[in-house]
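> Model the following, please.
(chains A and B)
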2 protein chains.
Amino acid sequence: MTTGKTVPIGVSARHIHLSQDHVEVLFGAGATLTDFKPLTQPGQFAANETVAVYGPKGSFATVRVLGPARSMTQLEVSRTDAFALGIPAPVRESGKIEGTPGVRIVGPVGEVTVDKGVIVAARHIHVHTSDAEKWGIADKQLLAVRVGGERGLVFEQVLARVSDQFALDMHIDTDEGNAAGVKTGDFAEIIG
Amino acid sequence: MTTGKTVPIGVSARHIHLSQDHVEVLFGAGATLTDFKPLTQPGQFAANETVAVYGPKGSFATVRVLGPARSMTQLEVSRTDAFALGIPAPVRESGKIEGTPGVRIVGPVGEVTVDKGVIVAARHIHVHTSDAEKWGIADKQLLAVRVGGERGLVFEQVLARVSDQFALDMHIDTDEGNAAGVKTGDFAEIIG
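Numbering: from 1, shown residues only, chains lettered A, B, ... in the order given. This is a model prediction of the structure:
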């Protein structure tokens, strides 16, 4: 019994998005993010650039920057990472950083301490408009998505984000990937 | 709509069970594990004793020993921990350690390297015989268990372990707890 609504999984490790202002503070005046490898979503890429981040309890020496630069700097961590940093990051949709905790970010040239922007990204599916129409899925709809195997589970509260700029992909963090026993490139099924 | 089959959750951090032989190697001849605090399951306790464990890639300096001593030494880690150690620990039911990888264990007096015993514990529920009879649950049955909230999900493949020596409690690891946004003392519901 299958719905046929099969979605590839992308497990996101901790990463950071930077504003262009912060790119220049961290990597030097006039610096821009440079392409290391493309991501699944069109136009998005993992940059060659990495930063260190420091919380009150711990730090990570090498956090990958994702490009291109955005309007706001945002650090995305798992809850395991948040405990290690000592930063009480809430579960948030990407971009919704009002009232979230900040972090100290150190690059090879300079450093910046932001007063907000650390989140645990809410699980979500990028859905291309054509898939959304075919499967009857609305933008912002919350879905239930099943993963099989020895750690099989059903993720609820999976936010559908629909755009003709998106490629079909479900994004979960490393805690969620490990809990479900899946890795990037595995598949899940939308069941409701 | 509820089944009424409500189960308290216990999120297990990494920990180790030791054989009495290994207790004496690590803590000295004649040493026994000493009671730090009782656990939910009758007779089980967190010991005052801790060890360090070393994998090919990383280590943990302070891993709590759980008592009493068992017939076999067994290190239980999350998948996140397994990656950090560089030890490819499989998902296993407690006690089923044949063919699992080993680890170097260091105590204040001595050290031992075991050739097996590192597992990611399979999610399970300790069910008292009286609850099992009331709810129609058989020993070794695989259950589906729902957690609500902003990271709500349904754990499948949850192994029921039935005994009149058990107290009702669902055990998941830190990856699973973080993925579901729950902590020890929260509740889940058996839904199938």
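> Flag every buried residue along stretch A:118-132.
A:118-128, A:131-132 (16 or more other CB atoms under 10 Å in any protein chain shown). For glycine as for every other residue, the C-beta is placed from the backbone atoms N, C-alpha and C.
> Can you say which helix or strand has A:Phe83 in it?
Assigned by DSSP states H and E, A:Phe83 belongs to helix A:79-85.
> that older thread, can you name the two of the buried residues of stretch A:118-132 that sit furthest apart?
A:Val118 and A:Asp131 (31.3 Å; CB to CB).
> quick one on the thing from earlier: check which helices and strands the helix holding A:Phe83 sits against.
strand A:59-70, strand A:118-121, helix A:174-180, helix B:174-180 (3 or more CB pairs under 8 Å, 6 or more residues apart in numbering or on different chains; DSSP states H and E).
> Is it possible to get TSV of these that adds mean pLDDT and distance to A:Asn48?
Compiled in TSV, the helices and strands packed on helix A:79-85 are given as follows (pLDDT from 0 to 100; distance: least, CB to CB, whole Å):
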stretch	mean pLDDT	distance to A:Asn48
strand A:59-70	98	8
strand A:118-121	98	22
helix A:174-180	98	22
helix B:174-180	98	30
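> Would you mind telling me which of these is nearest B:Phe27?
That would be, of the helices and strands packed on helix A:79-85 and by CB to CB, helix B:174-180, which comes in at 25.9 Å.
> what about the helices in chain A?
A:20-27, A:79-85, A:129-135, A:174-180 (DSSP state H).
> List of residues touching the last one?
Spelled out, it's helix A:174-180. The contact list for helix A:174-180, computed with CB atoms under 8 Å, 6 or more residues apart in numbering or on different chains, reads A:9, A:11-14, A:78-81, A:123, A:147, A:149, A:151-153, A:155, A:172, A:183-184, B:78-80, B:172-176, B:178-180.
> Restricted to buried residues, select those residues in ChimeraX.
With 16+ other CB under 10 Å as the criterion, this ChimeraX line picks the buried residues out of these:
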select /A:9,11,12,14,78,79,80,81,123,147,151,152,153,155,172 /B:78,79,80,172,173,174,175,176,178,179,180
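> and the closest residue in space to A:Ile125 that isn't next to it in sequence, how far is that from A:Thr6?
Among residues not flanking A:Ile125 along the chain, A:Met170 sits closest, at 4.5 Å (CB to CB, 6 or more residues apart in numbering or on different chains). According to CB to CB, to the nearest Å, A:Met170 and A:Thr6 sit 10 Å apart.
> go on, A:His15?
In terms of CB to CB, A:His15 sits 26 Å off from A:Thr6.
> Looking at these two now, which is surrounded by more residues?
A:His15 (18 against 11; other CB atoms under 10 Å in any protein chain shown).
> Could you verify my assumption that that one touches A:Val65?
Yes - here A:His15 lies in contact with A:Val65, judged by CB atoms under 8 Å, at a distance of 7.3 Å.
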